[in-house]
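A.B. asks: Here's a sequence, model it:
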Amino acid sequence: MEALSQLSSILLSALHLAGAVFALHALNRPHSPQGTIAWLLGLLLLPIIAIPLYLILGAARIHRHTTSRHSRESIQAFLKSQGASTSGNSELARALTRSTGFPPCTGNEIDILRDGNDTYRNMLTAIREARRSILVEFFIIRNDLVGTALRQVLEERARAGVQVYVIYDEVGSHKLPAGYLRHLRRSGVHVSSVNGRRFWLSSILRLNYRNHRKLVVIDGESAYLGSLNIGMEYTQRPLAPYWRDTFLRLRGPIVSQCALSFADDWKRATGQNINHLSTTCPRAGAHTCQLVPSGPEDGPMNAWQLTLLEMAASARERFWLASPYFVPTEAVQAALCAAALRGVDVRLLLPQHSDNLAAGLAMRTFIPPMLAAGVQLLAYTPGFLHEKVCVADSGKCCIGTANLDARSLRLNFELTLLMEDTAATAAVATMLEQDMAQAVQLTPAHWYKAPYPIRLLSNCFRLLAPAL
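C.D. replies: As a prediction, this is how the structure comes out:
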């Protein structure tokens with residue numbers, strides 16, 4: 001017994017020593033002051049619980065490596081070939097160009113696809129007609145009717161000699177069976193998870209940094225991006241819950257940027273360079289837009305957060321947003337409130353019922369301060385709202401994959417299309433107006449009249465906001 005007691009004492013001392021070492025590491029990491037204090041207390045007082053959590057959530061680091069530098073060189077070559085210039089563009093466009101390397105480009109065709117049925121039908125038809133290359137990237141790929149249809153058409157095209165590349169996220173697609181991937185590879189499809197075939201512990205340490213992007217590029221001539229994943233829940237079926245979502249079909253020079261973004265992610269996952277698939281695209285329309293990839297490698301100022309802050313600060317008449325999750329950073333919350341206090345028409349369209357219990361409860365805590373500042377909060381009633389859209393005044397709008405939560409604003413790899421174009425903005429604003437017409441306005445009673453246990457639980461989940 002005495003030997004066992006001594007061994008326990010030694011192990012406990014070693015555990016606390018390890019906790020102290022990780023606490024020093026946390027002290028030198030770029031967490032918020034509150035986050036750093038929380039990690040220090042946990043690592044020093046409860047190391048047996050805090051150390052595994054810190055390894056997964058707090059310690060892993062994403063470095064901007066050669067793939068981004070390579071792509072930046074390719075972007076500059078693309079700019080030169082197109083004769084593009086950032087002079088005359090907005091302050092936001094210039095800031096995003098410096099941040100991401102992707103400049104605004106003109107001569108694009110943009111089509112809005114308003115639901116899963118329309119998106120899948122349009123996208124699968126285009127994939128079937130591919131002749132050279134297909135690039136596919138989704139956070140979630142399910143092994144259901146939609147996922148099977150995608151797999152079969154990709155296999156058929158790969159067997160026909162088309163170069164097919166697929167990236168999926170391990171967290172979002174955790175239910176995807178090995179057989180699904182095996183079928184793709186046997187047909188000649190190049191498949192990789194976001195973290196690639198790394199050592200298992202290395203992959204675990206990167207689980208907090210998820211690739212939330214949804215992108216398809218076909219023959220380097222057309223691209224699809226937006227908020228839908230691959231799954232039956234996004235389709236409209238009799239007796240099934242309605243799912244409101246938005247995707248974009250793109251043609252023109254912007255497609256080259258989409259292909260370069262995919263090449264970045266493929267290089268990050270596999271180490272392989274496929275920039276040769278990013279060809280120069282001719283003009284196809286009259287729209288001006290800019291690709292905004294964002295992620296943990298952005299550094300202190302995430303490109304998606306930069307976009308929101310600048311659009312809110314420059315808005316003079318309206319700033320409308322739609323998002324399935326609203327658990328924002330303090331900076332984004334302050335920017336929205338400041339715009340409303342200036343007299344800007346700030347509206348935030350949210351789902352009436354969330355598909356994420358923790359995020360839905362945490363979101364309730366933001367109702368009183370947002371309403372007090374003059375922000376209009378609207379709850380979409382026909383079904384679950386999953387689109388990620390925003391409109392500023394009459395000349396700026398965004399559609400993409402990024403939510404209004406701390407994960408999208410700091411941790412996830414996201415992809416957004418910024419359109420500084422009056423025609424595109426008018427079309428997106430009309431779409432949002434139609435969605436808002438099917439919403440009810442939230443009031444302070446939605447918070448204050450909620451049962452006390454709900455409010456208490458909501459405040460508890462608010463503490464987990466940085467990880468939601």
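A.B. asks: all helices for the stretch 51-200 of the chain, in order.
C.D. replies: Remark: helices assigned in the stretch 51-200 of the chain by DSSP state H, counting those that start in this stretch are 66-82, 91-100, 116-128, 145-159, 178-186, 200-204.
A.B. asks: what's the pLDDT at residue 329?
C.D. replies: On pLDDT, residue 329 comes in at 89.
A.B. asks: how close does it get to residue 306?
C.D. replies: Using CB to CB, to the nearest Å, we find residue 329 at a distance of 12 Å from residue 306. (Glycine included, C-beta is placed from N, CA and C.)
A.B. asks: repeat for residue 413
C.D. replies: Counting by CB to CB, the separation of residue 413 from residue 306 is 15 Å.
A.B. asks: For the two, indicate the residue with more neighbours.
C.D. replies: It is residue 413, of residue 413 and residue 306, that has more neighbours when counted by other CB atoms under 10 Å, with 27 against 20.
A.B. asks: pretty sure that one contacts residue 210?
C.D. replies: Yes - between residue 413 and residue 210 there is a contact at 7.1 Å, judged by CB atoms under 8 Å.
A.B. asks: list the residues that contact both of the two?
C.D. replies: Residues touching both residue 413 and residue 210 by CB atoms under 8 Å, 6 or more residues apart in numbering: residue 194.
A.B. asks: quick one: the strands in the stretch 151-300 of the chain?
C.D. replies: Taking DSSP state E, counting those that start in this stretch as the criterion, the stretch 151-300 of the chain contains strands spanning 163-168, 190-193, 215-218, 222-226, 243-244, 247-251, 287-294.
A.B. asks: can you list those in CSV and add distance to residue 258 and mean pLDDT?
C.D. replies: Below are these laid out as CSV (distance: least, CB to CB, whole Å; pLDDT from 0 to 100):
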stretch, distance to residue 258, mean pLDDT
strand 163-168, 13, 96
strand 190-193, 18, 94
strand 215-218, 5, 97
strand 222-226, 4, 96
strand 243-244, 24, 92
strand 247-251, 7, 96
strand 287-294, 6, 94
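A.B. asks: Now tabulate the ones you listed in TSV and tack on distance to residue 321 and mean neighbour count.
C.D. replies: Converted to TSV, the strands of the stretch 151-300 of the chain look like this (distance: least, CB to CB, whole Å; neighbours: other CB atoms under 10 Å):
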stretch	distance to residue 321	mean neighbour count
strand 163-168	28	24
strand 190-193	31	18
strand 215-218	22	26
strand 222-226	16	25
strand 243-244	14	22
strand 247-251	17	23
strand 287-294	15	26
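A.B. asks: Residue 262 is nearest to which of the ones you listed?
C.D. replies: Among those, the nearest to residue 262 by CB to CB is strand 215-218 (5.9 Å).
A.B. asks: how far does that closest one sit from the chain's center?
C.D. replies: Averaging C-alpha positions (CA atoms, centre = their mean, to the nearest Å) puts strand 215-218 16 Å from its chain's average.
A.B. asks: same check, this time on stretch 387-403
C.D. replies: So, by CA atoms, centre = their mean, the centroid of stretch 387-403 is 13 Å from its chain's centroid.
A.B. asks: What residues sit buried inside that stretch?
C.D. replies: For stretch 387-403, the neighbour count (16 or more other CB atoms under 10 Å) marks 387-393, 395-403 as buried.
A.B. asks: picking that back up, switch the strands of the stretch 151-300 of the chain over to TSV; also include distance to residue 315.
C.D. replies: Below are the strands of the stretch 151-300 of the chain laid out as TSV (distance: least, CB to CB, whole Å):
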stretch	distance to residue 315
strand 163-168	35
strand 190-193	39
strand 215-218	28
strand 222-226	23
strand 243-244	24
strand 247-251	22
strand 287-294	17
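A.B. asks: Quick check: which of those strands is nearest to residue 152?
C.D. replies: Closest approach to residue 152 among the strands of the stretch 151-300 of the chain (CB to CB): strand 163-168, 12.2 Å.
A.B. asks: Can you say which of the strands of the stretch 151-300 of the chain is nearest to residue 443?
C.D. replies: strand 243-244 (22.6 Å).
A.B. asks: Can you list the low-confidence ranges for the stretch 251-400 of the chain?
C.D. replies: For the stretch 251-400 of the chain, the stretches with pLDDT under 70 are 299-300.
A.B. asks: all helices for it, in order.
C.D. replies: Under DSSP H, counting those that start in this stretch, the stretch 251-400 of the chain gives helices at 254-270, 303-314, 330-341, 357-364, 367-373.
A.B. asks: What residues of the shortest one count as buried?
C.D. replies: Using 16+ other CB under 10 Å as the burial criterion, the residues of helix 367-373 that qualify are 367, 370, 371, 373.
A.B. asks: So what touches it?
C.D. replies: Residues from elsewhere that reach helix 367-373, judged by CB under 8 Å, 6+ apart: 333, 336-338, 340-341, 348, 377, 442-444, 446-448.
A.B. asks: between these, which has the most around it?
C.D. replies: Ranked by the number of neighbours (other CB under 10 Å), the contacts of helix 367-373 place residue 336 first, at 28 neighbours.
A.B. asks: Can you tell me which of the buried residues of helix 367-373 is closest to residue 144?
C.D. replies: Nearest member of those to residue 144, counting by CB to CB, is residue 367, at 35.2 Å.
A.B. asks: Would you mind measuring from the closest residue to that closest one other than its chain neighbours to residue 188?
C.D. replies: The spatial neighbour of residue 367 that comes closest, neighbours along the chain excluded (CB to CB, 6 or more residues apart in numbering), is residue 447 at 4.5 Å. Note on residue 447: its distance to residue 188, by CB to CB, is 55 Å.
A.B. asks: same check, this time on residue 177
C.D. replies: Relative to residue 188, and taking CB to CB, residue 177 is found at 20 Å.
A.B. asks: Nothing else from me, thank you.
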